[in-house]
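J.: whatever this is, show me its structure:
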Amino acid sequence: MILALVLVFAVSCTTTTSNTKVSPTINKITERGVLVVGTAANMPPLNMKSKTHVPMGLDIDIARFIAAAMGVELSLHIEPFAELLPALKAGEVDMVISGLTITPERNKSVAFVGPYHVSGKSFLTKFESIVTIENPAELNDAKWRFAALRNSTSAELIKTLMPQAKLVETEDYQTAVKMVLEDQVDALVSDYHACVVALLQHPDSGLVSVITPFTYEPLGIAIPPGDSHLVNWMDNFLNTMVASDQMAELKLKWIEDASWLDKLP
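T.: Next up is the predicted model:
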């Protein structure tokens, strides 16, 4: 009888422990039947909208793969880049996939999985003198005007290395590129891929960019903190995508092949 009671107690404890360790985020997603992913949808080629306003890009495809693996529908919560992490912290989205660089400061308040891709900062400008410098700190002068996404690592880079220059923060890349084209700023500081897309979209506008990114930007998926089961699930999922070449195929589709440019507005 004592042995039986011990076994019952052990099973009870195991069950209770198991239940408490189940991911609250995965539980919520499963019960809802929908994965809610935050994205800016204006950061080509990672995330953007087509002429018909359909979201597309590397980040969007990864979100679709995650939802399919979870067996739920996908709902994209589109917000300006600067509002995405606040939306995650407020519980409005389950995760953020939007060209988000993993940084120690961001990692204080949210968890990250990845990186799923590595990018780097670059300049988009009409000035050859800007793209030929070896150190961005050489541009620390009040005569220069730079644009960058609000609350982005690009904006932080300008504040840190070029504090004397004027910083204009925008809500999206399209606005910033337009400012460069219209000479309202001297350059856009952004992830390398966005600069390349702008060069392809405006081939006869006198734009130039840095051929090699000058920073290391590991892009990760932001998720709620304190959910080790979700971190484990996401790590295994991304590892499987890489090992099965699914991630390589997606990067070939969106980064190496530019045929999707015709779908942009």
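J.: where in this structure is pLDDT low?
T.: Within the chain, the ranges that satisfy pLDDT under 70 run 1-21.
J.: name every strand pairing with the biggest strand by length in the chain and say which way it goes.
T.: Counting residues, the longest strand in the chain under DSSP state E turns out to be strand 111-119. Strand pairing for strand 111-119, determined by DSSP bridges: strand 217-223 (antiparallel).
J.: so which bits of the strand it pairs with are buried?
T.: Neighbour counts over strand 217-223 (16 or more other C-beta atoms under 10 Å) mark 217, 218, 219, 220, 221, 222, 223 as buried. C-beta coordinates here come from the backbone N, C-alpha and C atoms, glycine included.
J.: what does stretch 99-107 give?
T.: Neighbour-count burial for stretch 99-107 [16+ other C-beta under 10 Å]: 99, 100, 101, 102, 106.
J.: check the buried residues of strand 217-223 and tell me the two furthest apart.
T.: 217 and 223 (18.9 Å; C-beta to C-beta).
J.: with adjacent residues omitted, what lies nearest to residue 32?
T.: For residue 32, ignoring the flanking residues on the chain, the nearest one in space by C-beta to C-beta, 6 or more residues apart in numbering is residue 72 at 7.4 Å.
J.: give me the subset of the buried residues of stretch 99-107 that lies in strands.
T.: Among those, the residues falling in strands (DSSP E) are 99, 100, 101.
J.: the last one is in contact with residue 219, isn't it?
T.: Yes - applying C-beta atoms under 8 Å as the test, residue 101 and residue 219 come out as touching, 6.2 Å apart.
J.: what do these two both touch?
T.: Residues touching both residue 101 and residue 219 (C-beta atoms under 8 Å, 6 or more residues apart in numbering): residue 119.
J.: show me the contacts for residue 175.
T.: Neighbours of residue 175 in contact, by C-beta under 8 Å, 6+ apart: residue 147.
J.: what does it show for phi and psi?
T.: The phi/psi pair for residue 175 (degrees, to the nearest 10) reads phi -60, psi -40.
J.: so it versus residue 182, what's the distance?
T.: 11 Å (C-beta to C-beta, to the nearest Å).
J.: of the ones in strands among the buried residues of stretch 99-107, which is the nearest to residue 155?
T.: Nearest member of those to residue 155, counting by C-beta to C-beta, is residue 101, at 11.6 Å.
J.: ok, now how distant is the closest one from residue 88?
T.: 15 Å.
J.: could you do residue 131 as well?
T.: Taking C-beta to C-beta, one finds residue 131 at 35 Å from residue 88.
J.: these two - which one has more neighbours?
T.: residue 88 (24 against 18; other C-beta atoms under 10 Å).
J.: count residues in the vicinity of residue 250, would you?
T.: Neighbours around residue 250, by other C-beta under 10 Å: 20.
J.: same check on residue 240?
T.: Neighbour number of residue 240 under other C-beta under 10 Å is 13.
J.: show me what contacts it?
T.: residue 246 are the contacts of residue 240 under C-beta under 8 Å, 6+ apart.
J.: what's the helix or strand for it?
T.: Per DSSP states H and E: residue 240 is located in helix 228-243.
J.: pull that helix out as PDB, backbone CA atoms only.
T.: Provided in PDB are the C-alpha atoms of helix 228-243 (Å, rounded to 0.1, in the frame of the first residue of the first chain):
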ATOM      1  CA  SER A 228      12.100  28.100 -22.100                       C
ATOM      2  CA  HIS A 229       9.900  25.600 -23.800                       C
ATOM      3  CA  LEU A 230       9.100  28.100 -26.600                       C
ATOM      4  CA  VAL A 231      12.900  28.900 -26.900                       C
ATOM      5  CA  ASN A 232      13.600  25.100 -27.200                       C
ATOM      6  CA  TRP A 233      10.800  24.600 -29.800                       C
ATOM      7  CA  MET A 234      12.000  27.600 -31.900                       C
ATOM      8  CA  ASP A 235      15.700  26.600 -31.700                       C
ATOM      9  CA  ASN A 236      14.800  23.100 -32.900                       C
ATOM     10  CA  PHE A 237      12.600  24.500 -35.600                       C
ATOM     11  CA  LEU A 238      15.300  26.900 -37.000                       C
ATOM     12  CA  ASN A 239      17.900  24.200 -36.800                       C
ATOM     13  CA  THR A 240      15.700  21.900 -38.800                       C
ATOM     14  CA  MET A 241      15.100  24.600 -41.400                       C
ATOM     15  CA  VAL A 242      18.900  25.100 -41.800                       C
ATOM     16  CA  ALA A 243      19.700  21.400 -41.900                       C
END
